[in-house]
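**Student:** Got a predicted structure plus its sequence, pasted below:
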Amino acid sequence: MRGSFYNSKIGSGARDRSLVCRFIREEGTRLQIITYPHPTLRKVAKPIKRVDAELRAMVAQMFDLMYEAKGIGLAANQVDLPLRLFVINLTAEKGKGEELVFINPVLSHPKGSAEAEEGCLSLPGVYGQVVRPKTVQVNAYNLQGQEISAEVGGLLARCIQHENDHLDGVMFPDRMSESSRVELGGELQEFEDEFQSKRGTGEMPSDEAIAEQWKKWHERYC
Ligand SMILES: [Zn+2]
């Protein structure tokens, strides 16, 4: 599969559609980070079959949004894209460290167990202790279509697991113990109230409009 990922469809067909999409989407899409309880954060993301100029531009935007928010990882769900993709830079600073892009990641062989505090750019200001495997095997593709295969540990392992959870519609409070999650209750309620008030003013699209957008992304990239 190496190399076939870049600007082309994995598998057969769809070359014509790819060309059409490229002409239509020249203007690009402006992304922003969505917060809990936006429905896309609960959507199971779909595997990506094609990478084009717009997707590469959106990945660059994801890094910029992540740096602005001083985060070390950002999943596509968090910018309202229901696609299996996340970005990481453990330094949280543009121009420093290594920018990692994981497309269609698969995690396996979890080993050990470690507890640490986590936060999330889709739950700003909320933190909690989460127990996760210490090391995991990650297989994925980067933006150039090259295979990534590594056993990772430490902060990278935690970050990869946190971001991979997003692709399955899972957020870190779901991984917390019952008792610590209860302590978060009030903070989560504030986000839920704000979401409802945005729905009231029309600032937040309806579930139907959001699902319509999911369909468009899936038609283009899946
Ligand atoms: Zn997160």
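**Tutor:** Noted; the coordinates are in hand.
**Student:** And the average pLDDT for the longest helix along the chain is what?
**Tutor:** Under DSSP state H, the helix in the chain containing the largest number of residues is helix 178-201. The average pLDDT within helix 178-201 is 93.
**Student:** Give me the distance from that helix to the chain's centre.
**Tutor:** The chain centroid and the centroid of helix 178-201 are separated by 21 Å under C-alpha atoms, centre = their mean, to the nearest Å.
**Student:** likewise stretch 177-185?
**Tutor:** Relative to the mean C-alpha coordinate of its chain, stretch 177-185 is positioned 24 Å out (C-alpha atoms, centre = their mean).
**Student:** ok, back up a step: list the buried residues for the longest helix of the chain?
**Tutor:** Buried residues in helix 178-201, counted by 16 or more other C-beta atoms under 10 Å: 184, 188, 191, 195. From N, CA and C alone the C-beta is placed, and that goes for glycine too.
**Student:** quick one: the last one from T35, how far?
**Tutor:** Read that as F195. Distance, F195 to T35, by C-beta to C-beta, to the nearest Å: 8 Å.
**Student:** Equivalent analysis for the second one, please.
**Tutor:** Counting by C-beta to C-beta, the gap between L188 and T35 amounts to 11 Å.
**Student:** what touches both of those two?
**Tutor:** Residues touching both L188 and T35 by C-beta atoms under 8 Å, 6 or more residues apart in numbering: L123.
**Student:** Hmm, H109 is touching Q137, no?
**Tutor:** Yes - H109 lies in contact with Q137 (C-beta atoms under 8 Å); the separation is 4.2 Å.
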